[in-house]
Structure formats: C-alpha cells, structure tokens
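*Asks:* Here is a sequence together with a model predicted from it:
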Amino acid sequence: MASITTNPVAVRFRTATGWARRAPFALFWLLVAAILLLPILLFLLVAFSPRLFDQGPQWFSLSGFQQAFQGPMLQGIGDTLMIGTVTALASAAIGFAVAWVVHRVRVPGRRLWSGGMFALLFVPSYLIALGWERLLEPQGVLDLLHVPDSAARSLLYGPVGVIGVLTVKGIPFAYLAVSAGLRGLGEEFEAAVRVHGGGRSAVVRTVLALLAPALWSALAIVFAESISDFGVASTLANDAHFPVATFELYNAVDNFPVQFPVAAAVSWLLLAMAALALLAQHAALRGRSYRVLGGRTRPARRRDLSGPATAGVFIGMALLYLGALGVPTFGAVSASLINGLGTLMGGANFSFDNYRRALTSPELYQPLLYSGGLGAITATVTVLLGLVVARLLTSRRGRASARMLDLLLLAAVALPGIVFAAGYIFTYNLPLTNDLGIHLYETTSLLVLGYIATALPPASRVLFGSVGQVQESLREAARVHGSTEVVSWLKVMLPLLARPLLAAWSLTFGATVLELPISQLLYPPNDPTVSVGIESALSKYDYGGGTAMEVLAVLASLAVIGLVWGIFQLVAPAGWRRLGRTS
C-alpha cells in the first residue's frame, strides 16, 4: 500500500481558512458577552459580594437586600407589586374585550381599532404620562381654559393615575396574546354551548376557559412590563411622590454615594416578581390540555349585533382610544402651543414660539439631532446583528449554541431597561475594566452599546420568521454558479429579506430615538439625548419647550421612517418591493 503524504503547506492553508471562518463568529460571541451577559451578571453578583467588586468590605453579605426592605425602598417594592397585579388584571380584561370585538364582532372601524393597538404599542409610556400631566397639572391646559379639573387631577397624581397609564400601555400586549388564541379557536365550542341551552355568558365562560394559556400569557407579559416600566416611574409617579421600585433603583445608582449593592438587590427582586408571574402561569395550566386546533376546526365567524349594541361597542372603543391616545396627544400638542405654561405668574398665551425655540435653541434641538444620529447607528448595527442572530437560531448546525443564544435573548427581554443601564454603569466603571484599557464610561460608545443590547432581542425576533422561511438551497445554487459567500448573500438573501430588514430598522430607530431608561443613566455629560433633554426642560418648568420637543421628536422619527421607506420604494428593484407584501 502506498503511503499517504501530507503536504504541510496545504495543512497550514486549511488551518488558516478554518480560523478565518470561525473568527467572525468568535467576535460575534465576544460582542454578545460584552453587551448582554457580563454587564448584567457582574451587576447582579455585587448584591451578594460587595468586596469582590470593591463596593464594600464583605465577601458575602445580604446588606443590600436589608436596605432594600427599608423605608422608601420597601414602599416602592410594595407599590410595584400592587401596580403590577392590578395593571395585569385590568389590561388582560380590556385586551380580551378589544380582541373579541375585532375578531368576533362586525363593528365599524374594525381595521382602525386593530391598527390603533399597534400604534399604542410603540408610544413610550412617559409620553402618555406627560400628555396627561400637561392637561391636568396646576396652571396647565385645562386651568388656562377654565375647565374644572381638581377631581381628575387628584386621581391622576396618585396610584389611580399610575395604574391607568400602565394599563393603557399593557392593553396592546394583552390584545396580541389573546388575538393569537382567538384566531386558532373555532366556533364549534361556542355552537356546542348554545345547542345545550347556554346563553352568551356561558359562551364567554367557555371561551375564557379554552383561552387560559393566552390569558395567562397576557397576565404574565403585562405584569412584567408594568413592574419594569421606568417612563411612568420617572414622570407621573415621581411627580405624585408615589415611590416605585424602578425609580428607587435609579436613585440608588444616580445619587451620591452610589449604592450598587442596593440597586442590584432591587434588580433581583424585580426579576423574582417576574419569575413569580411565570410560576403562577405554569401552576394554573399544569396538567390541563388546551389543544383545540385540529383538522376539523371551523374558522369562527364574526357576528352582527343589534343596532344599539353596535353603537355601544363603537362608542366604547372610541372612548378607549380617546383616553389612550387622543387625550395625551391633545395635551402635548396644546401645551406646546402655550407660552408660560405651568407658571404661577400668569400671562400664558397661544403661539408657535415654543417650536421656534425648539428649532433654534441648542439646548432643545441638539438633543434631537444627537438622538437621531444614535438611532440611525443603533438601528443599522442592530439589524445586522439581528440578521446574524436569526441566522444562527434557524440554522441546523450548532443547535447547542443556538439554544444558549436563544435562552440569553429571552432572559434579556425579561430584564428591565433600567437594570441594563445600571449594569453597564457598574461593569464599565470597574477598576478592572479600566486596567484592561476599556474606557467606555460616560462615552457615546457605551450609550450605543446599551441601546443595541436592549434592541437586539426584539429585532432578532422580528427577523426570525423571515430568515427561517428562506430555503438554504437558494444560496447553495448561487455558490454552485460561482458566487462567493458574500455575493450570494447580497444577490439572493438581501432581496428576499429587504422588507423585513427595513421593518426591523424602522422599529429599532423609532424606539431608540425616544428611549428613556438607558438614556437617563448612560448619556455622556454635556450630550443629552432627546428624552433627557425633554426631562431637563420640564425640570426647569419649561413645559412649553419640553412638549414642543416631544412633538418634534415624534414627527421627526415618523418623517425619517417615512423617508427611508419612500427611498426604498423609489430605488429598490420591483422584485424587492413585491417580496414580503401581504396584498
């Protein structure tokens, strides 16, 4: 038998080629660890070992938890638990009613109501809260219009107002969860109830029982969103002197001396509350079967209501959207047109002077330009990383690493944004980090990393379904015909994923420009973002200028997104524009 000789040059070439292929993935995992894993892990560990991070003399201590269960911290935790419970129940009930109307009833404006849910989903909670505050605050819009508002003001500035705004923000999550269950629930169960003499109440009870997974999912999602919300906590709750856990966590990090162990302990408690909601969901559904979708399932039909009932449903839906979107929008727009709003000296008048100042004063327009640039950078990088993440999650190779990445992304979704920001401040200001030559604290780079960390999980989920639908044989055919790996992506994958990529970019851009918790803690000195600029203007009692910034920020975000989609429609080939359309 002839001996087989190995060419050393060929071996070295194959080794170098293997390293070249693995290097991008190694860099990707290093980036994921830097922005998702290490900051949160190290921050949470300081709650148990302050000395390990030069935050105290104890190697192991529970003093952070002891301080968290005292004074305002304890009250904030109790208030947060109460708010989360009430908000989850109220949002689930209203979200179920809206989903039932949209999917089971013929009512005028059905598509409008469904679209309004998505609009409400993307409006930051602090903008809704500020819109209501501008209306009802002393010397606010209603006071200037001589409309009695003392009773409504007392309700707004307290638990009722905080729960109301958070309930409004929770309704879209509950609506989406319940809608998914209603689409798969046929009408044979409702027909069976009616055949056996049951009325409408019996039908509703049966449907509620069959939709238990969707309802419990809605409760868990809204509860987690409510307890982790920072927008309402830093605006309405703070103005009402109503302590909640997220704002107490912010105070522990932002005030002097900084109390990282206490902030980490509060973060553990927030995570424990979210875990309790998931455990309650598991316990309620354990041992029961809810498999109602099968080959014989008949799609449910939308039913007609009587004239008065249709009018009542229409009015109810209109009032819901009026309170959720209409009133806050009117409050913000009207306040932006009033000079001297909120002052006790009087002399307020209507004009466009606040917009003139917002467009000419560096303190007002520079944050908008700064946030716009950061939003574009964050959206672009996030979409590229999200495409890699979606590719790894849908690939048949490396399933273990894909499951680990999926678990990490799900954990990141459950973490409040304020916990991310606190983890970044703690990790990238450690002496060890500075000794390694990593000087990111109080820089724009760290702020962008924080934005990417919070935007990557939802962006990758948006792209997951579209990437998973693309057959691998398309790229393989391109490679067979001489295309390189990069060219095959550009010529085959990019046209197929153009619209989903643009949708993910738009969602990320809009959310980043108006983002609050990450911005509040990580913005560089002398470079405030638009949300921080709004907060700064309002803290100086420049209510007109602050609300003008709100309106301009929303309009500018919509204009940029519209411009990007317009350019896509004009420049992209016809095939790119058709792919991914639903009609």
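*Replies:* Yes, it's here.

*Asks:* could you pull out the helices for the stretch 351-500 of the chain?
*Replies:* 353-360, 362-394, 399-414, 417-427, 431-435, 444-469, 472-480, 485-488, 494-513 (DSSP state H, counting those that start in this stretch).

*Asks:* Using CSV, please lay out those helices together with mean neighbour count.
*Replies:* C-beta: built from backbone N, CA, C; applies to glycine. Output for those, formatted as CSV (neighbours: other CB atoms under 10 Å):
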stretch, mean neighbour count
helix 353-360, 17
helix 362-394, 20
helix 399-414, 14
helix 417-427, 26
helix 431-435, 12
helix 444-469, 21
helix 472-480, 13
helix 485-488, 12
helix 494-513, 21
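
*Asks:* Pipe those helices into TSV and attach mean pLDDT per row.
*Replies:* Shown next, in TSV, are the helices of the stretch 351-500 of the chain (pLDDT from 0 to 100):
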stretch	mean pLDDT
helix 353-360	87
helix 362-394	86
helix 399-414	70
helix 417-427	84
helix 431-435	79
helix 444-469	81
helix 472-480	58
helix 485-488	61
helix 494-513	84
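
*Asks:* Can you lay out these as JSON lines showing distance to Trp565?
*Replies:* As requested, those are exported to JSON lines (distance: least, CB to CB, whole Å):
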{"stretch": "helix 353-360", "distance to Trp565": "25"}
{"stretch": "helix 362-394", "distance to Trp565": "13"}
{"stretch": "helix 399-414", "distance to Trp565": "27"}
{"stretch": "helix 417-427", "distance to Trp565": "27"}
{"stretch": "helix 431-435", "distance to Trp565": "40"}
{"stretch": "helix 444-469", "distance to Trp565": "16"}
{"stretch": "helix 472-480", "distance to Trp565": "26"}
{"stretch": "helix 485-488", "distance to Trp565": "26"}
{"stretch": "helix 494-513", "distance to Trp565": "7"}
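
*Asks:* And the helices in the stretch 1-150 of the chain, which stretches?
*Replies:* Remark: helices assigned in the stretch 1-150 of the chain by DSSP H, counting those that start in this stretch are 8-32, 38-45, 63-68, 71-104, 110-122, 125-136, 141-144, 150-156.

*Asks:* Compare the mean pLDDT across those helices and name the weakest.
*Replies:* Mean pLDDT per stretch puts helix 8-32 lowest among the helices of the stretch 1-150 of the chain, at a mean of 60.

*Asks:* Report how many residues lie close to the closest residue to Ser114 other than its chain neighbours.
*Replies:* Leaving aside its chain neighbours, Ser114 sits nearest to Val102 (5.3 Å; criterion: CB to CB, 6 or more residues apart in numbering). By the criterion of other CB atoms under 10 Å, Val102 has 21 neighbours.

*Asks:* thought Val102 was touching Gly115?
*Replies:* No - Val102 lies out of contact with Gly115 (CB atoms under 8 Å); the separation is 10.3 Å.

*Asks:* one step back: which one of the helices of the stretch 1-150 of the chain is the most hemmed in?
*Replies:* Of all the helices of the stretch 1-150 of the chain, helix 125-136 carries the top mean neighbour count, a mean of 26, counting by mean count of other CB atoms under 10 Å.

*Asks:* Many thanks, we can stop here.
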